[in-house]
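Chemist: Turn this into a structure:
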Amino acid sequence: MNLSEISIRRPVFAWMIMVGLIIFGALSFKRLGVSQLPDVDFPVVGISLSLPGAAPEVIESQVIDPVEDAVMEIGGIRNITSNSQQSSGSISIEFELDRNIDTAIQEVQDRIAQARSLLPVDLIAPTVRKTNPEDQPILWIALVSDGSASLMDSMMYARNYLYDQFGTVPGVGDINLGGYVDPALRVWVDLDKMNKYELTADDILQAIETEHVEVPAGRIENSSHEWNVRLMGEAVNPTDFGKIRINKRSVLGTNYRPQQISDVATVEESTVDIRKIARFNGQPAVGLGILKQHGSNAVEVAKLVREKVKEIAPTIPKQFKLSIRSDSTRFIKQSVDELNFMLLLSALLTSLVCYLFLGSWTSTMNVLMAIPTSIVGAFIVIYFFGFTLNTFTLLGLSLAIGVVVDDAIMMLENIVRHRELGEKKREAALKGSKEITFAALAATIAVAAIFLPVIFMKGVIGRYLYQYGITVTAAVGLSLIEALTLTPMRCSQYLKVQHQSGGFAGKVDALFHRLAGFYQKILGVLLLNRWKTIFVTLALFFASLIIGKHLDLEMMPAQDQSQIMLRFKGKVGSSLD
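Modeler: From the prediction side, this is the model:
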């Protein structure tokens with residue numbers, strides 16, 4: 001007893017297969033993440049290096065070169081590129097695609113640690129990270145002041161309050177602060193006063209390093225009590241900072257009449273050197289770039305962030321204004337919605353074509369039942385493979401719609417043939433399904449053999465097409481199960497054979513007969529000129545190969561996202577202002 005016979009004799013079993021695939025497919029669909037492209041870990045490791053005050057030449061010779069020499073010994077490296085600029089530099093290491101990126105990061109960190117003795121003492125600890133196209137902000141929020149609050153106040157409010165507020169939104173992985181610089185105390189020295197007291201800048205720096213520090217002071221105890229002692233050595237405001245005493249000087253050694261920093265300098269709250277700025281509608285601002293977690297629904301995360309903005313907007317101080325600057329998920333949502341629309345449109349067009357050929361609504365509906373079973377059921381495979389609803393998975397489903405009905409049509413036509421021979425529904429379904437089982441299996445394997453090898457492609461494109469190949473193969477495989485179970489079962493119960501010679505169905509049938517006669521004539525001419533036909537076919541094939549070499553190559557087609565981006569590059573030495 002084969003699978004088709006079991007389904008015909010146990011129709012509830014077949015219906016439960018269909019209902020189960022649709023229900024669990026719908027549940028999987030609701031849990032799938034939405035993104036424009038698949039989540040792919042690119043085998044690229046970036047190293048950020050920072051040496052304050054160093055010239056680009058110094059960065060290259062004393063920082064980048066030793067690090068490059070150290071990491072060059074790691075296996076599996078394809079390419080290394082570096083960039084040096086004032087006070088900082090970066091190194092990008094591209095590994096082979098089969099290299100485990102997490103292991104590569106660990107090896108890079110170990111090599112840098114081994115080369116630490118060759119690097120400058122003042123070098124800030126290098127930062128090692130992996131590169132991923134998905135690691136870009138999906139949404140930018142701008143915090144703008146009305147002028148009554150300083151830019152410093154905006155930065156502190158964004159870092160101390162807004163960062164935590166948006167960081168708790170489900171699906172948010174990280175937040176980039178655009179235009180943010182760290183706070184700092186500025187000590188503006190007076191050269192005349194320093195000459196008066198015979199002090200140098202090193203004297204002030206040494207005083208800050210030795211006096212502005214809080215050291216452990218231990219505890220005091222007696223027979224009945226114990227007190228923890230804290231030495232309040234750090235200033236809490238610029239005024240207290242200015243009272244730090246300069247006890248030593250490099251000219252005469254001990255300073256017998258210690259001066260305070262405020263005697264020779266002005267202390268004020270400010271920021272570190274501003275090397276980046278952010279503006280919104282011409283006004284200085286602080287930007288918060290929202291990065292989603294890998295595999296999460298980008299559109300849903302952006303929706304939750306927007307709701308969070310509306311929630312906290314009434315609670316922020318009046319001098320601040322919070323607004324959405326840009327939202328890349330808008331284009332993602334439009335793209336996914338368009339693909340979903342094309343998915344439905346493909347189903348409607350498939351139903352129309354099936355009706356034109358079959359000429360019966362019962363036969364058409366019998367075939368169309370394969371679409372929800374196969375397509376919705378494919379969401380189960382997409383979910384358990386950890387894929388998202390993106391351009392490649394939805395494209396695979398759109399393509400699969402026209403393929404998943406093939407097995408059902410093949411099974412239906414053979415059962416209809418037995419019905420036209422005068423057999424009853426049940427006997428026709430049993431005999432027809434048994435005869436066509438092997439053919440349906442061969443046809444499904446042939447289709448899968450076209451798309452399944454795509455998952456073995458190498459390179460970055462192979463990473464993207466992996467989800468495409470799995471999606472199409474899963475949908476086609478489910479269509480075979482549907483054709484061997486549900487289609488024979490439905491035919492044994494609901495199939496009606498209609499012979500229509502008039503009306504619209506009759507006209508379409510007559511048109512197909514004329515097309516068949518025309519095709520027969522052309523086929524006869526081709527068979528009489530076999531060698532010429534083969535020659536023309538080979539000529540077209542090789543001509544396509546020659547033309548293909550001259551086609552332009554690009555990873556992704558150009559897309560109009562209704563945005564314009566301008567980049568400006570000034571001359572070397574130009575100030576930020």
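Chemist: What lies in contact with stretch 528-544?
Modeler: residue 526 (C-beta atoms under 8 Å, 6 or more residues apart in numbering). Where you see a C-beta, it was placed from the backbone N, CA and C, and this is true even at glycine.
Chemist: Mind doing that once more with 10 Å?
Modeler: Outside stretch 528-544, the residues that touch it by C-beta atoms under 10 Å, 6 or more residues apart in numbering are 525-527.
Chemist: With secondary structure and distance to residue 156 added, can I get the residues you listed in a markdown table?
Modeler: As requested, these are exported to a markdown table (DSSP: H, G, I helix; E, B strand; the rest coil; distance: C-beta to C-beta, whole Å):
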| residue | secondary structure | distance to residue 156 |
| --- | --- | --- |
| 525 | helix | 84 |
| 526 | helix | 80 |
| 527 | helix | 84 |
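Chemist: Could you pull up phi and psi at residue 286?
Modeler: With angles defined as degrees, to the nearest 10, residue 286 sits at phi -120, psi 130.
Chemist: Tell me which residues touch it, please.
Modeler: Residue 286 sits next to 141-145, 151, 153-159, 162, 177-181, 278, 280, 320 when contact means C-beta under 10 Å, 6+ apart.
Chemist: Among the residues you listed, which ones are in strands?
Modeler: 141-145, 177-178, 280, 320 (DSSP state E).
Chemist: Residue 354: which of those residues is nearest?
Modeler: residue 141 (49.6 Å; C-beta to C-beta).
Chemist: my guess is that closest one contacts residue 320, does it?
Modeler: No - assessed by C-beta atoms under 10 Å, residue 141 is found out of contact with residue 320, at 11.7 Å.
Chemist: Which one's more surrounded, the two?
Modeler: residue 141 (27 against 20; other C-beta atoms under 10 Å).
Chemist: Now the nearest residue to that one once chain neighbours are set aside: which helix or strand?
Modeler: Once flanking residues are discounted, residue 141 sits nearest to residue 288: 4.3 Å by C-beta to C-beta, 6 or more residues apart in numbering. If you go by DSSP states H and E, residue 288 is part of strand 283-292.
Chemist: Quick check: buried residues in that strand?
Modeler: Buried residues in strand 283-292, counted by 16 or more other C-beta atoms under 10 Å: 285-292.
Chemist: what ranges of the stretch 301-450 of the chain fall below the confidence cut-off?
Modeler: Across the stretch 301-450 of the chain, residues meeting the criterion (pLDDT under 70) sit at 358-359.
Chemist: Could you do the stretch 151-300 of the chain as well?
Modeler: 251-256, 295.
Chemist: Could I get the full set of strands for it?
Modeler: 172-178, 183-189, 216-221, 226-230, 245-249, 253-260, 265-271, 279-280, 283-292 (DSSP state E, counting those that start in this stretch).
Chemist: Out of those, which is closest to residue 11?
Modeler: Among those, the nearest to residue 11 by C-beta to C-beta is strand 283-292 (45.4 Å).
Chemist: could you check the angle strand 172-178 makes with the closest one?
Modeler: 160 degrees (axes from the mean of the first three to the mean of the last three C-alpha atoms, to 10 degrees).
Chemist: Would you map the strands across the stretch 301-450 of the chain?
Modeler: With DSSP E, counting those that start in this stretch as the criterion, the stretch 301-450 of the chain has strands at 320-327.
Chemist: swap that for the stretch 451-577 of the chain, sorry
Modeler: Counting by DSSP E, counting those that start in this stretch, the stretch 451-577 of the chain contains no strands.
Chemist: returning to that earlier point: out of the strands of the stretch 151-300 of the chain, deepest packed?
Modeler: Mean neighbour count (mean count of other C-beta atoms under 10 Å) peaks for strand 283-292 among the strands of the stretch 151-300 of the chain, with a mean of 22.
Chemist: just the angle between it and strand 320-327, please?
Modeler: 50 degrees.
Chemist: where's strand 283-292 relative to the chain centroid, distance-wise?
Modeler: 19 Å (C-alpha atoms, centre = their mean, to the nearest Å).
Chemist: Equivalent analysis for stretch 202-215, please.
Modeler: 47 Å.
Chemist: likewise stretch 533-542?
Modeler: So, by C-alpha atoms, centre = their mean, the centroid of stretch 533-542 is 43 Å from its chain's centroid.
Chemist: Just the buried residues of that stretch, please?
Modeler: Buried-residue list, stretch 533-542, by 16+ other C-beta under 10 Å: empty.
Chemist: for it, what is the average pLDDT?
Modeler: Across stretch 533-542, pLDDT averages out at 93.
Chemist: still on that earlier bit, can you put the strands of the stretch 151-300 of the chain in CSV and add distance to residue 393?
Modeler: Shown next, in CSV, are the strands of the stretch 151-300 of the chain (distance: least, C-beta to C-beta, whole Å):
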stretch, distance to residue 393
strand 172-178, 21
strand 183-189, 46
strand 216-221, 58
strand 226-230, 59
strand 245-249, 67
strand 253-260, 68
strand 265-271, 46
strand 279-280, 36
strand 283-292, 18
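Chemist: The residue nearest to residue 141 contacts residue 163, doesn't it?
Modeler: Yes - counting by C-beta under 10 Å, residue 163 is a contact partner of residue 288 at 7.2 Å.
Chemist: Identify the contacts common to those two.
Modeler: 175, 177, 180.
Chemist: Test my guess that the second one contacts residue 290.
Modeler: No - using C-beta under 10 Å, residue 177 is not in contact with residue 290, being 11.2 Å away.
Chemist: one step back: would you tell me which one of the contacts of stretch 528-544 comes nearest to residue 106?
Modeler: Here the nearest of the contacts of stretch 528-544 to residue 106, counting by C-beta to C-beta, is residue 526; it sits at 63.4 Å.
Chemist: distance of that closest one from residue 513?
Modeler: Plainly put, residue 526 is 21 Å away from residue 513 if you go by C-beta to C-beta, to the nearest Å.
Chemist: Tell me which of these two has more neighbours.
Modeler: residue 526 (13 against 10).
Chemist: Now that one. Nearest residue, chain neighbours left out?
Modeler: residue 533 (4.9 Å).
Chemist: With residue 92 instead?
Modeler: That would be residue 81: by C-beta to C-beta, 6+ apart, it lies 4.8 Å from residue 92.
Chemist: returning to that earlier point: may I ask which two of the buried residues of strand 283-292 are separated the most?
Modeler: Using C-beta to C-beta, the pair of the buried residues of strand 283-292 lying farthest apart is 285 and 292, separated by 22.3 Å.
Chemist: Give the other helices and strands that the longest helix anywhere in the chain contacts.
Modeler: Determined from DSSP state H, the single longest helix within the chain is helix 459-494. In terms of contacts (3 or more C-beta pairs under 10 Å, 6 or more residues apart in numbering; DSSP states H and E), helix 459-494 is packed against helix 3-9, helix 11-31, helix 361-368, helix 370-384, helix 391-420, helix 425-451.
Chemist: Next, the angle from it to helix 11-31.
Modeler: Using the same axes, to 10 degrees, helix 459-494 lies at 150 degrees relative to helix 11-31.
Chemist: Next, the angle helix 391-420 makes with helix 459-494.
Modeler: Using the same axes, to 10 degrees: helix 459-494 against helix 391-420 is 30 degrees.
Chemist: Neighbours of residue 473, how many?
Modeler: Neighbour count for residue 473, taken as other C-beta under 10 Å: 23.
Chemist: Check the gap between it and residue 204 for me.
Modeler: 71 Å.
Chemist: And residue 143, by the same measure?
Modeler: Taken as C-beta to C-beta, the span from residue 143 to residue 204 is 35 Å.
Chemist: who has more neighbours, those two?
Modeler: residue 143 (25 against 20).
Chemist: Let me know whether residue 170 touches residue 301 as I believe.
Modeler: Yes - shown here, residue 170 and residue 301 form a contact pair, counting by C-beta under 10 Å, at 7.5 Å.
Chemist: Paired strands for the strand holding residue 288, with orientation please.
Modeler: strand 139-145 (antiparallel), strand 172-178 (antiparallel), strand 279-280 (antiparallel) (DSSP bridges).
Chemist: would you turn those strands into CSV with distance to residue 348?
Modeler: Converted to CSV, these look like this (distance: least, C-beta to C-beta, whole Å):
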stretch, distance to residue 348
strand 139-145, 35
strand 172-178, 38
strand 279-280, 45
